[in-house]
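K.L.:
Give me a 3D structure for the following:
(chains A and B)
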Number of protein chains: 2
Amino acid sequence: MKATIYDVAREAGVSIATVSNAIRGKGKISPKKREEILEIVERLQYQPSMIASALTGKRTYTLGLLVPDISNPFFGEIARAVEERGQQLGYSVIICSTDNKDERVERYISLLEQKSVDGIIIGTGISDASLLERLSSRSVPVAMIARDLPSADVHKVVIDDYLGGVLAARHLLELGHRRFGVISEKHNRERIRGFCETVERSGQALSPCGIRIFGDDDQIQDGGRAAAELLELEARPTALFCCNDMSATGALRAAKARGLAVPRDISIVSFDNTILSEVCDPPMTTIAQPMEEMGRLVVDALLQELGDGGAKQRFVLQPELLVRGSTAAFVPEEQKNA
Amino acid sequence: MKATIYDVAREAGVSIATVSNAIRGKGKISPKKREEILEIVERLQYQPSMIASALTGKRTYTLGLLVPDISNPFFGEIARAVEERGQQLGYSVIICSTDNKDERVERYISLLEQKSVDGIIIGTGISDASLLERLSSRSVPVAMIARDLPSADVHKVVIDDYLGGVLAARHLLELGHRRFGVISEKHNRERIRGFCETVERSGQALSPCGIRIFGDDDQIQDGGRAAAELLELEARPTALFCCNDMSATGALRAAKARGLAVPRDISIVSFDNTILSEVCDPPMTTIAQPMEEMGRLVVDALLQELGDGGAKQRFVLQPELLVRGSTAAFVPEEQKNA
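P.N.:
Residues are numbered from 1 along each chain as shown, chains lettered A, B, ... in the order given. This next block holds a predicted model:
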């Protein structure tokens, strides 16, 4: 017969709450007592994943997911991955979209708590420090996906954004480009840093990076506007690095509207690898994020905390360069018509 | 001072529940008494929208939205429109995605009820008749968006799907096409009917429509597979009508993979007008759905029911033909190289 938390408690001569605390590393227990309890847990092969329900009987088997914009295919695909993994493990998922409005973040987090979700996954940028602190200290486990916040003590599943920027820059440098434009929403500083530092370190004589940061209300339109500005510069870039597929789609449009051919006249690298980068014309060279794996990992991290209350985990996944049709070797203007 | 339901009740000499019933047309009240109460409501300029909260004090200011696949940009944009309108009116929106799995529909509807939403918006196909009946009889108001079910007594915001099919067929007939393929998921019978009946009625000698119905697990892939089958036919279609942007994107890919140029060798009309139809190559001629208006109307219908318990409403919006680059006049094979 399978051991229960009561078997462990009886054997150790403590309450089940103490067993739970010992396993989760919480509460005031002497190190000696804790070790003793954990030995019994191991000997009886007690599965700690049953603790939470045994203790509280209150699990709702519901997870909340907060995203900045559900009409951005990146978050649509993240939501699908979270939903899929949740269902595999018996959890329903409730999605809330803040539509890029900061003031809705806290409202939705409170709402999800009121609705008694077992865990909250946040894919939205949070700038309010006090909100952050309150988040870390909540009783409901919290995890962040696709957005990083070093100061928050919560599970995190992110990609190496800096590396993503490096990969984009290396690809364009190898193609012979020397004048670059960067288009990014405000959240993606690491991608820009990776890109710009790689360009600077390449030892080439470079024009300064033209960097345009936009809001995030309509990213396709914002990306297009930013690209139009860069393409009007006297020494216009021969390659653009866009922080996501939506802004890259806008940049592509802006380039075409100016009569520039992609990649002949200008190369574009995007970020994400959503469906947008596949269907656009030409298909976009992009830095791919492993969205399915990210969704899986974030659900697993939350459920593991629910099960055994383990330490906060931070996963940093590797982005990959996917070369498609929007990038090509730089050809100086005077050689184009030769 | 603004009149309250208590003022009306006092004046009419009835309970506030009776006032509420009179306004909502429910409960056992004589027609004469009802008229008397409504006259007082009017005279005191009482705003019935305050009834629900006055009576129950239980409103949660939360709406639930159920969609089949949140990674389909159509539902991403519908979700955004619902969220936007909800927030304008003080309501938060909880989104659930069934990922095209029928068995998740009922689970999510129950979940939304448990979470005490004030209303549920359903954009998912429901085939189970008994589920439908239970839905109509629930205490929480229900509305359907983008999916119709004649037998369900709930609010509905749909488009004239039949007309959409007609518009697509007319456009292709005017371009001189005579051999057509139709690619559709199972939910879109009216679009197919509108298309095929228009083709049949055109008086032209027509090859029979080649119709391919696919599941809805991966619509891009399914659409591509269906298109590949149609394009292998000996008398292959010179024009395709795809039931949504996702399957059209797959069809576009399949055509290119066979070395066919769009629209030179084959024309494609899609349906929805999501971002996918804008960014693909060539940009897709599509039957546009007014997604923003649909989201607004469905929220308004639900909130109106919450306010004054009015009758179920059914809105049928008009789709529009948007001509882009994926359709062109039919040119017989022998004239192409002339």
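K.L.:
Please name the nearest non-neighbouring residue to A:Gln260.
P.N.:
Rather than Gln, residue A:260 is Leu. Distances taken as C-beta to C-beta, 6 or more residues apart in numbering or on different chains place A:Ile266 nearest to A:Leu260, at 5.2 Å, with adjacent residues excluded. Glycine gets a C-beta too; all of them are placed from N, C-alpha and C.
K.L.:
Tell me how far A:Asp217 lies from chain B.
P.N.:
Applying C-beta to the nearest C-beta, to the nearest Å, the value for A:Asp217 to chain B is 12 Å.
K.L.:
so where do the strands sit in the stretch 151-300 of chain A?
P.N.:
Assigned by DSSP state E, counting those that start in this stretch, the stretch 151-300 of chain A shows strands spanning A:155-159, A:180-185, A:210-214, A:239-242, A:267-272, A:285-288.
K.L.:
what's the fourth one in contact with?
P.N.:
Contacts made with strand A:239-242 from outside it, assessed by C-beta atoms under 8 Å, 6 or more residues apart in numbering or on different chains, are listed as A:165, A:168-169, A:172, A:175, A:177, A:179-184, A:191, A:195, A:223, A:227, A:230, A:248, A:251, A:255, A:266-271, A:327, A:330.
K.L.:
sorry, back to before: okay, the strands of the stretch 151-300 of chain A, which one's buried deepest?
P.N.:
Mean neighbour count (mean count of other C-beta atoms under 10 Å in any protein chain shown) peaks for strand A:239-242 among those, with a mean of 32.
K.L.:
Can you give the distance from that one to the centre of its chain?
P.N.:
With C-alpha atoms, centre = their mean, to the nearest Å as the basis, strand A:239-242 stands 21 Å off its chain's centre.
K.L.:
same deal with stretch A:32-45?
P.N.:
Its chain's C-alpha centre and that of stretch A:32-45 lie 37 Å apart, by C-alpha atoms, centre = their mean.
K.L.:
Let me know the distance separating the residue of the stretch 201-338 of chain A found nearest chain B from A:Gln204.
P.N.:
Residue of the stretch 201-338 of chain A nearest chain B, by C-beta to the nearest C-beta: A:Asp281 (2.6 Å). Using C-beta to C-beta, to the nearest Å, A:Asp281 is found at 30 Å from A:Gln204.
K.L.:
Those two - which one has more neighbours?
P.N.:
A:Asp281 (16 against 11; other C-beta atoms under 10 Å in any protein chain shown).
K.L.:
do you know how far the more buried one is from A:Ala261?
P.N.:
Noted for A:Asp281: a distance of 11 Å to A:Ala261, by C-beta to C-beta.
K.L.:
Now do the phi/psi pair for A:Ser97.
P.N.:
A:Ser97 adopts backbone torsions of phi -110, psi 120, taken as degrees, to the nearest 10.
K.L.:
beta partners for it?
P.N.:
Taking DSSP bridges as the rule, A:Ser97 bridges to A:Val67.
K.L.:
For A:Ala143, see how far away A:His187 is.
P.N.:
Counting by C-beta to C-beta - A:His187 and A:Ala143 are separated by 17 Å.
K.L.:
Looking only at neighbour counts, state which of the two leads.
P.N.:
A direct count of neighbours by other C-beta under 10 Å for A:His187 and A:Ala143 places A:Ala143 higher, at 27 against 19.
K.L.:
and that one, that one's in a helix?
P.N.:
No - assessed with DSSP: H, G, I helix; E, B strand; the rest coil, A:Ala143 is strand; it does not lie in a helix.
K.L.:
Looking at chain A, which helix is longest?
P.N.:
helix A:291-308 (DSSP state H).
K.L.:
List the strands paired with the next helix or strand after it, with their directions.
P.N.:
Going down the chain from helix A:291-308, the next helix or strand is strand A:314-317, by DSSP states H and E. Paired with strand A:314-317 in the same sheet, following DSSP bridges, are strand A:155-159 (parallel).
K.L.:
how far off strand A:267-272 does the strand it pairs with point, in degrees?
P.N.:
Going by axes from the mean of the first three to the mean of the last three C-alpha atoms, to 10 degrees, strand A:155-159 is angled at 160 degrees with respect to strand A:267-272.
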